[in-house]
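K.L.:
Mind folding the following:
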Amino acid sequence: MRLTLRRPDDWHLHLRDGAALAAVLAHTAARFGRAIVMPNLKPPVTTTELAAAYRQRILAALPAGAAFAPLMTLYLTDNTSAAEIARARASGIVHAVKYYPAGATTHSDSGVTAIGKVEGALAALEEHDLPLLVHGEVTDPSVDVFDREAAFIERVLGAIVRRYPRLRVVFEHITTREGVAFVRGAGPRVAATITPQHLLLNRNALFEGGLRPHHYCLPVLKREAHRQALIEAATGGEPRFFLGTDSAPHARHAKEAACGCAGVYSAHAAIELYAEAFERAGRLDRLEAFASVHGADFYRLPRNTDSITLERSSWTVPDGYPFGGDVLVPFRAGAAIGWRLATPAGS
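P.N.:
Got it, this is the predicted structure:
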């Protein structure tokens, strides 16, 4: 069985920088036409000038002949100015601004400490029609880690959407029934991305046979009822749910540690993993819209015109990939995936 799709895009991707960037970029470029690239480097990408420089490093690292286009983002801080938002919009290379609650996830220490400190930037985003991308979790230590997405909706996101009704918002990597319900009820300017791991795994996967650090991501995996809600949203044909892998590479030693990093690396087989999830749901016919149409339309970008082909053929994921001087352990390492990329993008 073969499945040909309009070339998809990844609307949430971590590429890192330097040797790490060079190690992982080819996986994404083989499958996706474009990707929204996260700005949480060290130091973070907080200005249009830094975004332009990072974009050039990505383009320089592309394999020969690759047609992949990085779509850049800025990292929202308490000090982001309205003037910087205007510059970002005028640049033509910055396509969104990322809101990390300070301390919420990897390299988020420079994130927003209080919503009141970014009101000017949010107003500028609304004025210039530049989307806000949201890591939707509170960092209040009194809130259970499994409830932090729902608390963020109640405490922060609902207020943003009400206060800035013309602002386009992407609620990234939603993980709960509450997240799905919020997007459905919020109107046409609010959308969400969904990762492959949150479609394929529930929180039991963190503890299968022992602690599984390579299944640890933020937001964490949730109960099976939440996974089922995500499957329904992703495969239901609704235009405001679309593909965003949140693929996040970390060296093995940074994951298998006393305080391991959050992040699942899925770029090596991203579209194949989504095909597996959609096939299990009996909705392969809706994969193309989720992967190749809805996101482009929400970002107001043209849909890709070339295609990729997948074949129904099982293969075993390597135990690891080279990652600078270390090893990167991918999602499904050492186990089988039922779909294989048959032709690279553009062929």
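K.L.:
give me the low-pLDDT residue ranges for the stretch 201-347 of the chain?
P.N.:
Residue ranges of the stretch 201-347 of the chain with pLDDT under 70: 343-347.
K.L.:
any idea where the helices of it begin and end?
P.N.:
Using DSSP state H, counting those that start in this stretch, the helices found in the stretch 201-347 of the chain span residues 224-235, 252-255, 270-280, 287-288, 294-298.
K.L.:
Pull out the buried positions in the second one.
P.N.:
Within helix 252-255, the residues that count as buried by 16 or more other CB atoms under 10 Å are 252, 254-255. Glycine gets a C-beta too; all of them are placed from N, C-alpha and C.
K.L.:
For the helix ranked longest in the chain, list every residue counted as buried.
P.N.:
Of all segments of type helix in the chain, defined using DSSP state H, the longest is helix 48-61. Across helix 48-61, burial judged by 16+ other CB under 10 Å covers 48, 50-51, 54-55, 58, 61.
K.L.:
just these now: which is nearest residue 200?
P.N.:
Closest approach between the buried residues of helix 48-61 and residue 200, by CB to CB: residue 58, at 27.7 Å.
K.L.:
Enumerate every residue touching that closest one.
P.N.:
15, 21, 25, 37, 70 (CB atoms under 8 Å, 6 or more residues apart in numbering).
K.L.:
Next one: it from residue 156, what distance?
P.N.:
Here the criterion is CB to CB, to the nearest Å. By it, residue 58 lies 31 Å from residue 156.
K.L.:
quick one on the thing from earlier: turn the helices of the stretch 201-347 of the chain into TSV, including distance to residue 178.
P.N.:
What follows is the helices of the stretch 201-347 of the chain, written out as TSV (distance: least, CB to CB, whole Å):
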stretch	distance to residue 178
helix 224-235	9
helix 252-255	28
helix 270-280	21
helix 287-288	25
helix 294-298	21
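K.L.:
In contact with the nearest residue to residue 197 once chain neighbours are set aside, which residues?
P.N.:
The shortest distance from residue 197 to any residue other than its chain neighbours is 4.8 Å, reached at residue 264 (CB to CB, 6 or more residues apart in numbering). Shown in contact with residue 264 (CB under 8 Å, 6+ apart): 195, 197, 214-217, 246-248, 331.
K.L.:
Quick check: pLDDT value at residue 114.
P.N.:
pLDDT for residue 114: 88.
K.L.:
again, but for the one 4 residues further on
P.N.:
Confidence per residue is given as pLDDT, and for residue 118 that number is 95.
K.L.:
Next: the one 10 residues further on.
P.N.:
Model confidence at residue 128, expressed as pLDDT, equals 98.
K.L.:
any idea how far it lies from residue 78?
P.N.:
Taken as CB to CB, the span from residue 128 to residue 78 is 20 Å.
K.L.:
Check residue 137 too.
P.N.:
Counting by CB to CB, the gap between residue 137 and residue 78 amounts to 18 Å.
K.L.:
just to revisit the earlier point, out of the buried residues of helix 48-61, who's nearest residue 209?
P.N.:
Of all the buried residues of helix 48-61, residue 209 sits closest to residue 61, with 36.7 Å by CB to CB.
K.L.:
Kindly reformat the buried residues of helix 48-61 as CSV containing pLDDT and distance to residue 226.
P.N.:
Converted to CSV, the buried residues of helix 48-61 look like this (pLDDT from 0 to 100; distance: CB to CB, whole Å):
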residue, pLDDT, distance to residue 226
48, 98, 37
50, 98, 36
51, 98, 34
54, 98, 34
55, 98, 35
58, 98, 33
61, 98, 36
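K.L.:
could those go into TSV alongside distance to residue 234?
P.N.:
TSV is the format used below for these (distance: CB to CB, whole Å):
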residue	distance to residue 234
48	33
50	33
51	29
54	30
55	29
58	27
61	30
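K.L.:
Give me the residue ranges of the stretch 51-200 of the chain where confidence is low.
P.N.:
Where the stretch 51-200 of the chain drops to pLDDT under 70, the residues are 103-109.
K.L.:
Spell out the residue ranges of the strands in it.
P.N.:
Using DSSP state E, counting those that start in this stretch, the strands of the stretch 51-200 of the chain run over 69-75, 94-99, 132-135, 169-172, 190-194.
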